[in-house]
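Student: Sharing a sequence plus its predicted fold:
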Amino acid sequence: MMTGLFMHDDCLNHITPEGHAEQVARMTSVSAALEPVSGLDRREAPLCEEADILLCHPEGYLAKIRDGKPAQLDEDTWQSEGSYQAARRAVGGALAAVDAVLAGEMKNAFVACRPPGHHAETAKPMGFCLFGTAAIAAKHALERHGLSRVAVVDFDVHHGNGTQDLLWDEPRAFLATSQQFPLWPGTGAADVKGGHDNVLNVPLAPKTTGAEMREAYEAQVFPRLEAFAPELILISAGFDAHRADPLAQLEWETEDFMWLTERLCGVAETVCGGRVVSLLEGGYDLDALGESAAAHVRALQAA
Ligand SMILES: [Zn+2]
């Protein structure tokens, strides 16, 4: 079986102001880096339905984004004419990837869409994010596919505060999130454990290297993940822990993302037949982003 890749040109129509880190060029960079990768099951990300967004967000919040005019939503989150459609592709791609992997049509999948999602809280856009894509995908797998346990592993350099918020009271979901700490948004301390001891926060000091990250994952994340024994592993794949990234100060290399992907796929092989769906989150150095995303996808293929 092949690795799936879900993308859509609508994700180019979420426009942020000149100089904004979460820019259209990120999509172009990822797309160019994945273009030469052969052997992928390439599919267009479909639009999600409103009911999908309502798995995690209240109607009033959905309406605010759906009917919103182009505007600055918070200090760093913007909505343009095409943002709602782009965000619906990101969510729709995630759900289609879950459907395809659970149906056995592909062994795993990467969803390369934007805007990202892991900072969006229940009724609050935040940190470039409008809808909590990873949490919605988890709820979709639980509610509609009848899975009993789904895990989300978030290795974006920023705390997955939105995913944590949306899955806080969901004992069937386990979230492991590593983040530079301290760093925006300021949350993600190790003593925050979710409503059902279902959240593992792994704070990493500035300048944490790839070797130190590997130790932390081996000691903390993989044992908890194996013990939880999820039936599906979702990845919030941000590539902004790369040493070249301008928004953070971790010192991971491209090979570290490859290693982490291989290990996560290894755990998935042990607990859930290798079922992994990975979702693009951050990554703001355009070259490092493309290179790391391609390394991530090649590791998914090799799993
Ligand atoms: Zn990030």
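Tutor: In hand now; what should we look at?
Student: contacts and neighbour counts: CA atoms only from here.
Tutor: Fine.
Student: Any figure for the gap between residue 143 and residue 55?
Tutor: The gap separating residue 143 from residue 55 is 9 Å, by Cα to Cα, to the nearest Å.
Student: Please list the residues of the stretch 151-300 of the chain that sit near the ion.
Tutor: Contact residues, the stretch 151-300 of the chain versus the ion (Cα under 5 Å from the ion): 156-158, 282.
Student: who has more neighbours, residue 143 and residue 55?
Tutor: Counted by other Cα atoms under 10 Å, residue 143 and residue 55 do not tie: residue 55 has more neighbours, with 18 against 12.
Student: and that one, that one's in a helix?
Tutor: No: using DSSP: H, G, I helix; E, B strand; the rest coil, the secondary structure at residue 55 is coil, not a helix.
Student: Look at it and report its pLDDT.
Tutor: For residue 55, the model assigns a pLDDT of 98.
Student: List phi and psi for it.
Tutor: Residue 55 has phi and psi values of phi -60, psi -30 when expressed as degrees, to the nearest 10.
Student: Excluding chain neighbours, what is closest to it?
Tutor: Counting by Cα to Cα, 6 or more residues apart in numbering, residue 136 is the residue found nearest to residue 55 once chain neighbours are left out, at 6.1 Å.
Student: Now do the same contact list for the one you found.
Tutor: 52-53, 55-56, 91 (Cα atoms under 8 Å, 6 or more residues apart in numbering).
Student: what's the answer for residue 202, then?
Tutor: Here residue 202 is in contact with 176-179, 188-190, 216, 220 (criterion: Cα under 8 Å, 6+ apart).
Student: Write a ChimeraX command that selects only the buried members of these.
Tutor: For the buried members of these, the matching ChimeraX selection, counting by 16 or more other Cα atoms under 10 Å, is:
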select :176,177,178,179,188,189,216
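Student: Show me the contacts of residue 202 that map onto helices.
Tutor: Among these, the residues falling in helices (DSSP state H) are residue 216.
Student: how about TSV for the contacts of residue 202, with pLDDT and distance to residue 169 added?
Tutor: Formatted as TSV, the contacts of residue 202 follow (pLDDT from 0 to 100; distance: Cα to Cα, whole Å):
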residue	pLDDT	distance to residue 169
176	99	15
177	99	16
178	99	20
179	98	21
188	98	17
189	98	18
190	98	18
216	98	26
220	98	22
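Student: Now do the strands in the stretch 101-250 of the chain.
Tutor: Applying DSSP state E, counting those that start in this stretch to the stretch 101-250 of the chain gives strands spanning 108-111, 150-154, 173-180, 199-204, 232-237.
Student: Just give the strands next to the fourth one in its sheet, each with its orientation.
Tutor: Each strand that strand 199-204 pairs with, and the sense of that pairing, follows from DSSP bridges: strand 173-180 (parallel).
Student: residues in contact with the strand it pairs with?
Tutor: Strand 173-180 is contacted from outside by 138, 149-160, 163-164, 167, 188, 198-206, 221, 225, 228, 241, 248-250, using Cα under 8 Å, 6+ apart.
Student: Quick one: distance of it to the chain centre.
Tutor: Remark: strand 173-180 is offset 11 Å from the chain centroid, using Cα atoms, centre = their mean, to the nearest Å.
Student: No further questions, thank you.
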